[in-house]
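**Q** Okay, here's the prediction I keep looking at, along with the sequence it came from:
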Amino acid sequence: MTETAASPPGLDDVAVRLDAVKARIAAAAREAGRDPAAVTLVAVSKTHPAAAVRAALAAGHRVFGENRVQEAEAKFPALRDAFPGLVLHLIGPLQTNKARDAVALFDVIETVDRPKLAAALAREMDRLGRRPDVLVQVNTGEEPQKAGVLPADADAFIEACRGEYGLKLRGLMCIPPADEEPELHFALLAEMAKRHGLPWLSMGMSADFEAAVKMGATHVRVGTAVFGHRPAG
Ligand SMILES: *Cc1c(COP(=O)(O)O)cnc(C)c1O
């Protein structure tokens, strides 16, 4: 990569890290007998400045994830104007009162997890005439502090998202408990998606994306391994 005097320190690393993560994804896919092209890297840019996203865009990357609507609104509209192929995923919990902003900005909403939110999204999609893809987030570890529909309620909720709410439901997403082996959770999510004929599986982060790819992830959400450590707080 060419270095210019204007590049803030570390931004050239983004291209190098991106290449390394993509190579690891491809290797994990091949090892599992999967096509590496079937796995999309969602580069999670939360807390990192627009300049870091620009560095990834300059390196040819187009798919990003943000966990807060307001932060994404501050960073992404200008980037999207400059790079029309940009695809933005919402990967953080969504409040119902932010549904309109989320529908207006994101291409994929990964965190649909309750009827009230599904209804609000359906309403805003009708109003705005924009239909982002959605994923249902499943709280596979049944952690009380974590977002996501409980596994016991997931089947009915998935059916309602497709039927009653008419969402463009593509698949499922999970965040396994930090202190457990993620494979069991990835397997549960994969089985659930298969049962419902859902093609997308968003699972795997910096610490475990290779395991997720081996278990069928179509989208891995990787932040730290691409952009470096996030500032504390
Ligand atoms: C922050 C975040 C990630 C990325 O985490 P890293 O460990 O930095 O790769 C993935 N998914 C969700 C939902 C996140 O909030």
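**A** Great, that's in hand. Numbering: from 1, shown residues only.
**Q** Is I175 in contact with L135, as I believe?
**A** No. In this structure I175 lies outside contact range of L135 using Cβ atoms under 8 Å: 12.0 Å. (Each C-beta comes from the backbone N, C-alpha and C, glycine too.)
**Q** Same drill for the two, tell me which one is more crowded.
**A** Ranked by neighbour count (other Cβ atoms under 10 Å), I175 and L135 place L135 first, with 28 against 23.
**Q** Give me the local confidence score for L105.
**A** If you check L105, the pLDDT there is 98.
**Q** can you pull the contacts of it?
**A** Contacts here follow Cβ atoms under 8 Å, 6 or more residues apart in numbering; on that basis L105 touches 69, 72-73, 76-77, 88.
**Q** again with D179
**A** Contacts of D179 (Cβ under 8 Å, 6+ apart): none.
**Q** Of all the residues in the longest helix seen in the chain, which ones are buried?
**A** Ranked by residue count and defined by DSSP state H, the top helix of the chain is helix 11-31. Within helix 11-31, the residues that count as buried by 16 or more other Cβ atoms under 10 Å are 11-15, 17-18, 21-22, 24-26, 28-29.
**Q** what's that helix in contact with?
**A** Under Cβ under 8 Å, 6+ apart, the answer for helix 11-31 is 1, 3, 35-36, 38-39, 41, 43, 51-52, 55-56, 58-59, 61, 209-211, 213-214, 220, 222, 225-228.
**Q** Would you map the strands across the protein?
**A** 40-44, 63-66, 87-90, 108-112, 133-137, 168-173, 200-202, 219-222 (DSSP state E).
**Q** Of all these, which one is nearest D155?
**A** Evaluated over the strands of the chain, closeness to D155 peaks at strand 133-137, with 10.4 Å, by Cβ to Cβ.
**Q** Next one: that closest one, is it in contact with the ligand?
**A** No. Between strand 133-137 and the ligand, judged by Cβ under 6 Å from any ligand atom, nothing touches; the nearest distance is 8.5 Å.
**Q** just checking, what packs against that strand?
**A** Counting contacts by 3 or more Cβ pairs under 8 Å, 6 or more residues apart in numbering; DSSP states H and E, strand 133-137 is packed against strand 108-112, helix 151-162, strand 168-173, strand 200-202.
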